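S.K.: Predicted model, plus sequence, below.
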Amino acid sequence: MASMLSDDELDRYARHIVLKEIGGAGQMRLKAAKVLLIGAGGIGAPASLYLAAAGVGTLGLIDDDTVSLSNLQRQVIFRTDDIDTPKVEAAATHLKALNPHTAVITHNLRLTESNAADLIAPYDIVLDGSDTFHTRHLVNKTCIRLNKALVSAALGRFNGQVSVFTGKPCYQCLVPDIPPDAETCERMGVVGAIAGIIGTMGALEVIKLITGAGEPLTGKLLIFDGLTMQSRTVSLPAEPDCPVCGA
């Protein structure tokens, strides 16, 4: 398998290839994989950097926002010169500079009921770092319908969480209803480094799903507290009457 990688790739991914959990075969699976990131913000920015660096063959980016000065505190893929540039375009430029072997597909738009299936269908795995519960529910519903693995990551203040959904339970089992007073990072604040921690955790779960390394957080919720540097993992029950994954 490793012989199907170029000399440049063999050198670039050498630290992966010596890992027994990844090796040449796992690196080839990364090269063949297609991963879609929902949101190029606090979670998507660090996650996309590590997925490109890891050698994921195709990265799709969905975001309809432009880079603002306040993004730079945590969205480390962007530079000051990127302000007012569409996020997906700026991110694609930096990802291609990091790893020219990764194809970056940009979707400068918002995910909606009418386009979600067409956008998600070409990809193997979805990493959702979106900033609204409505989008998260839509992504979950579409992934269940299309039988796509979903890595879901969220953060706020000094805290974050990561889950993997591949069927039952699904994200809607975890969050059955959209909270009426859902807080946003803009309102409640977020320390920049927590985005790096949670985004990178999300990227690691994607890499594990692709290569078969370790045990992904399938049907589990990892909760991380940055103030105490403690984390805990809980199992998520499938809700039998869930309108998305239930019978």
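M.R.: Perfect, thanks for sending it. Numbers count the residues shown, from 1 in each chain.
S.K.: So for the chain, which residue is the most central one in space?
M.R.: Leu127 (2.8 Å; C-alpha atoms, centre = their mean).
S.K.: so that residue sits in a strand?
M.R.: Yes. Assessed with DSSP: H, G, I helix; E, B strand; the rest coil, Leu127 lies in a strand.
S.K.: Which residues are in contact with it?
M.R.: 35-38, 43-44, 47, 51, 151, 153, 202-203, 206 (C-beta atoms under 8 Å, 6 or more residues apart in numbering). For every residue, glycine as well, the C-beta is placed using N, CA and C.
S.K.: what about it, distance to Ala153?
M.R.: Counting by C-beta to C-beta, to the nearest Å, the gap between Leu127 and Ala153 amounts to 7 Å.
S.K.: which residues are in contact with both of these two?
M.R.: Residues touching both Leu127 and Ala153 (C-beta under 8 Å, 6+ apart) are Ile43, Ala47, Gly202.
S.K.: Can you tell me which of these is nearest Ser114?
M.R.: Nearest to Ser114, judged by C-beta to C-beta, of the shared contacts of Leu127 and Ala153 is Ile43 at 24.6 Å.
S.K.: I'd say the closest one and Val151 touch.
M.R.: No. Between Ile43 and Val151 no contact is recorded; they are 9.8 Å apart, counting by C-beta atoms under 8 Å.
S.K.: contacting residues around the closest residue to Ile105 other than its chain neighbours?
M.R.: The shortest distance from Ile105 to any non-neighbouring residue, by C-beta to C-beta, 6 or more residues apart in numbering, is to Gly60 (4.5 Å). Contact analysis of Gly60 by C-beta under 8 Å, 6+ apart lists Lys34, Val35, Leu36, Leu37, Val104, Ile105, Thr106, His107, Leu119, Pro122, Tyr123.
S.K.: chain center to the host helix or strand of Gly60: distance?
M.R.: Using DSSP states H and E, Gly60 falls within strand 58-62. Mean-position distance between strand 58-62 and its chain equals 10 Å (C-alpha atoms, centre = their mean, to the nearest Å).
S.K.: would CSV of the shared contacts of Leu127 and Ala153 with pLDDT be doable?
M.R.: What follows is the shared contacts of Leu127 and Ala153, written out as CSV (pLDDT from 0 to 100):
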residue, pLDDT
Ile43, 96
Ala47, 98
Gly202, 98
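S.K.: looking at the residues you listed, which has the most residues close by?
M.R.: In terms of neighbours by other C-beta atoms under 10 Å, these top out with Ile43 at 34 neighbours.
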